[in-house]
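>>> Provided below for reference: sequence and predicted model.
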Number of protein chains: 2
Amino acid sequence: MGAGAGRGAAEGRGEPRVSESVAARLLAVLGAFDSGHRVLTLTGLAHRAGLPLATAHRLAAQLTEWGALERDGGGCYQIGLRLWEVATLSPRPVGLREAALPFMEDLYEATHENVQLAVRDGTEAVYVERITGHSAVGVRTRVGGRWPLHATGVGLVLLAHSPPAVQDQVCRGRLERFTEKTVRDPRRLRAMLAEVRRADAAVSDRQITMDALSVAVPVRGPGGDVAAALSLVVPSAGARPHTLMPAVRVAARGISRRLGRAAE
Amino acid sequence: MGAGAGRGAAEGRGEPRVSESVAARLLAVLGAFDSGHRVLTLTGLAHRAGLPLATAHRLAAQLTEWGALERDGGGCYQIGLRLWEVATLSPRPVGLREAALPFMEDLYEATHENVQLAVRDGTEAVYVERITGHSAVGVRTRVGGRWPLHATGVGLVLLAHSPPAVQDQVCRGRLERFTEKTVRDPRRLRAMLAEVRRADAAVSDRQITMDALSVAVPVRGPGGDVAAALSLVVPSAGARPHTLMPAVRVAARGISRRLGRAAE
């Protein structure tokens, strides 16, 4: 059983009805793809979806006919253009992205550094947009990628403003180490979150890679809740977070104002 | 039967197997969403998917559990974050976008006008990326949106380089009118396509809206085939397409070179 089958499969819920089982299998086929598995052979697809080869073949054919999957020159399966089109209708990442992009471009143009926008989903940050120039410092994120909340700038902002139960879950869980600077002590993390709330901003200094530092601030929705976090990622050598903060804050406020207007 | 059920439903193919029918219904639920229907009530969803209410309810619940759909505050359905995440793995729009974005930003920064990137799917152009500033002329496209090939700048480039059968299909079909300037005469369209191939660029002058003009050029894949089209959309008043062309061409060549490197 591959990692991809997890959330999609119907196992452990007793005897599902036939139709439910088919739906679960179909979703398991989609769930078999992830950033490490963008292109799959039929065998790989069946293995990761936890399905017999014949079932995987039949479901993949139906998904391909609809346009949810496509086959490449070698006959391997990949996520198709039509599924991507349907997904562009998702309001949380896409509506936010539309509101944010002009302000993210302003910030990029003013700094020529990496500009990132993320939302929280459970105990992870999901990156919904990223602007990277030719010369900006290398970053490990990608649009649609997920990262734990405790180490990145946007993650710290999102975590600091998440419900207490989420903060508890993260602080009590395993705090993954990315560099020697990654904060892994729950007590230090809680103090850091309090400081993020006080300063209304977070600085993640070499916690993800030793050559980068990020400065992140909240983007607020129409009700004043934190809807997203915006960050600037710069080379850590010689970086002065406090000189970068105003530009990031101005851009985030522009996005927040746009979100507020959209809701009026 | 709603418009959304079209490609996904299994009608007209005789008696489908039970499982195929469930898969088709599940895909019809996803296909019920489009840019005019981003949020649907259960009744609206059932109607557009062409399904009985109880079936739509059961399938929507399964899609929601997996994260392909989400419910908003009022209980309505919308496309979910997880489906969007899976869709970010689609190589054609997303891989292309990753390669193109830095060059699109350069072009935006040099002009502060709308920058658009599209690929062909059948007889339509699908917009995979767009950069719009605060002050750029209003455009009617959106990321993930589809447009016919005969009138936009990117559409003309993609059509000029499509297989003869696709060109015939478009020229013989209904050529939709957007403005009084939209070319709707098949013979004139064919002459225009020949000119696009000769000049290796297209100009769409007020063919979509009377206040905008677009200049588009091909983006070539590793094999020299036209993989996408890049355009700059500017206010038509006072626009001089030939002064805009070099910047668009430089950006497109940068993207083509990047795509070629990625394939090495």
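Thanks, I have the structure now. Numbering: from 1, shown residues only, chains lettered A, B, ... in the order given.
>>> Tell me which stretches of chain A form helices.
With helices called from DSSP state H, chain A shows them at A:18-31, A:42-49, A:53-66, A:81-87, A:96-111, A:153-160, A:164-172, A:186-199, A:241-263.
>>> Flag the shaky bits of chain A, pLDDT-wise.
For chain A, applying pLDDT under 70 flags the ranges A:1-20, A:133-137, A:140, A:261-264.
>>> in it, which residue is closest to the centre?
Centroid-nearest residue in chain A: A:V126, 1.5 Å away (criterion: C-alpha atoms, centre = their mean).
>>> any idea how far that one lies from A:V143?
Using C-beta to C-beta, to the nearest Å, A:V126 is found at 9 Å from A:V143. No exception for glycine: its C-beta is placed from N, CA and C like everyone else's.
>>> Of all the residues in stretch A:210-219, which ones are buried?
Of the residues in stretch A:210-219, A:A212, A:L213, A:S214, A:V215, A:A216, A:V217, A:P218, A:V219 count as buried by neighbour count, 16 or more other C-beta atoms under 10 Å in any protein chain shown.
>>> sorry, back to before: what is the residue nearest to the centre of chain A paired to in the beta sheet?
In this structure, A:V126 bridges to A:V119, A:R146 when assessed by DSSP bridges.
>>> which residues touch it?
Counting by C-beta atoms under 8 Å, 6 or more residues apart in numbering or on different chains, A:V126 touches A:P93, A:A118, A:V119, A:R120, A:G144, A:G145, A:R146, B:L81, B:E85.
>>> do the same with A:L81
Shown in contact with A:L81 (C-beta under 8 Å, 6+ apart): A:G67, A:E70, B:S90, B:R92, B:P93, B:V119, B:D121, B:V126.
>>> likewise A:D185?
Taking C-beta under 8 Å, 6+ apart as the contact definition, A:D185 lies against A:L175.
>>> Same check on A:L244?
For A:L244, the contact set (C-beta under 8 Å, 6+ apart) comprises A:T111, A:V215, A:L232, A:V234.
>>> Could you single out the nearest of those to A:A24?
Of all those, A:L232 has the smallest distance to A:A24: 41.7 Å, by C-beta to C-beta.
>>> wait, the closest one sits on A:V215?
Yes - using C-beta atoms under 8 Å, A:L232 makes contact with A:V215 at a distance of 5.2 Å.
>>> can you list residues touching both of these two?
Counting by C-beta under 8 Å, 6+ apart, the shared contacts of A:L232 and A:V215 are A:L244, A:V248.
>>> From the contacts of A:L81, pick the one nearest A:A46.
Closest approach to A:A46 among the contacts of A:L81 (C-beta to C-beta): A:E70, at 17.8 Å.
>>> related to what we said a few turns ago, what's the most buried one of the helices of chain A?
helix A:153-160 (a mean of 28; mean count of other C-beta atoms under 10 Å in any protein chain shown).
>>> That one vs helix A:241-263, what angle?
Computed by axes from the mean of the first three to the mean of the last three C-alpha atoms, to 10 degrees, the angle separating helix A:153-160 from helix A:241-263 equals 60 degrees.
>>> any idea how chain A splits into domains?
With automatic domain parsing as the criterion, the domains of chain A are listed as A:3-87, A:91-263.
>>> Turn those domains into JSON lines, including distance to B:R249.
Formatted as JSON lines, the domains of chain A follow (distance: least, C-beta to C-beta, whole Å):
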{"stretch": "domain A:3-87", "distance to B:R249": "26"}
{"stretch": "domain A:91-263", "distance to B:R249": "18"}
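>>> what's near enough to touch the closest residue to A:L117 other than its chain neighbours?
Nearest residue to A:L117, sequence neighbours excluded (C-beta to C-beta, 6 or more residues apart in numbering or on different chains): A:E129, at 4.4 Å. Residues counted as contacts of A:E129 (C-beta under 8 Å, 6+ apart) are A:P93, A:R97, A:A100, A:L101, A:M104, A:Q116, A:L117, A:V143.
>>> distance of A:E129 from chain B?
As judged by C-beta to the nearest C-beta, to the nearest Å, A:E129 and chain B stand 10 Å apart.
>>> Which residue, other than its chain neighbours, is closest to the closest residue to chain B within the stretch 101-250 of chain A?
The nearest approach of the stretch 101-250 of chain A to chain B comes at A:G144, 2.7 Å away (C-beta to the nearest C-beta). Once flanking residues are discounted, A:G144 sits nearest to B:T88: 2.7 Å by C-beta to C-beta, 6+ apart.
>>> A:N114 now?
A:V233 (4.0 Å).
>>> what about the closest residue to A:L158 other than its chain neighbours, neighbour count?
Among residues not flanking A:L158 along the chain, A:R120 sits closest, at 4.1 Å (C-beta to C-beta, 6+ apart). A:R120: 21 surrounding residues under other C-beta atoms under 10 Å in any protein chain shown.
>>> which residues does A:R120 contact?
Residues in contact with A:R120 (C-beta under 8 Å, 6+ apart) are A:V126, A:L149, A:L158, A:L159, A:S162, A:V166.
>>> export the buried residues of stretch A:210-219 to TSV and tack on distance to A:L175?
As requested, those are arranged in TSV below (distance: C-beta to C-beta, whole Å):
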residue	distance to A:L175
A:A212	19
A:L213	19
A:S214	18
A:V215	21
A:A216	18
A:V217	23
A:P218	22
A:V219	25
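>>> Closest to A:L40 out of those residues?
Distances from A:L40 to these, taken by C-beta to C-beta, are shortest for A:A212, at 32.0 Å.
>>> and which of the contacts of A:L81 is nearest B:R172?
Closest to B:R172, out of all of the contacts of A:L81 and judged by C-beta to C-beta, is B:D121, at 19.0 Å.
>>> what about that closest one, how many residues close to it?
Using other C-beta under 10 Å, B:D121 has 17 other residues around it.
>>> so how far is A:R38 from it?
Distance, B:D121 to A:R38, using C-beta to C-beta: 19 Å.
>>> for A:E70, same thing?
For A:E70 relative to A:R38 (C-beta to C-beta), the value is 11 Å.
>>> between these two, what contacts are shared?
Shared contacts of A:E70 and A:R38, defined by C-beta under 8 Å, 6+ apart, are found at A:Q78, A:I79.
>>> Next up, the contacts around A:P91.
B:R38, B:V39, B:D72, B:Q78, B:I79.
>>> repeat that for 6 Å
B:Q78 (C-beta atoms under 6 Å, 6 or more residues apart in numbering or on different chains).
>>> A:H150 too?
Contacts of A:H150 were listed using C-beta under 6 Å, 6+ apart, and they are A:V170, A:L175, A:L189.
>>> Quick one: name the residues of the stretch 51-200 of chain A near chain B.
Taking C-beta under 6 Å from any C-beta of the partner chain as the contact definition, the stretch 51-200 of chain A meets chain B at A:62, A:66, A:78-79, A:81, A:83-93, A:102, A:109, A:121, A:133-134, A:143-144.
>>> still on that earlier bit, can you put the contacts of A:H150 in a markdown table and add distance to B:A201?
Shown next, in a markdown table, are these (distance: C-beta to C-beta, whole Å):
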| residue | distance to B:A201 |
| --- | --- |
| A:V170 | 52 |
| A:L175 | 54 |
| A:L189 | 55 |
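>>> Nearest to A:P52 among those residues?
When those are compared for distance to A:P52 (C-beta to C-beta), A:V170 wins out at 38.2 Å.
>>> residues touching that closest one, list them.
Neighbouring residues of A:V170 by C-beta under 6 Å, 6+ apart: A:T123, A:L149, A:H150.
>>> These in strands, which ones?
Among the contacts of A:V170, none falls in strands (DSSP state E).
>>> From the residues you listed, pick the one nearest B:H47.
Using C-beta to C-beta, the shortest approach to B:H47 within these belongs to A:T123, at 37.4 Å.
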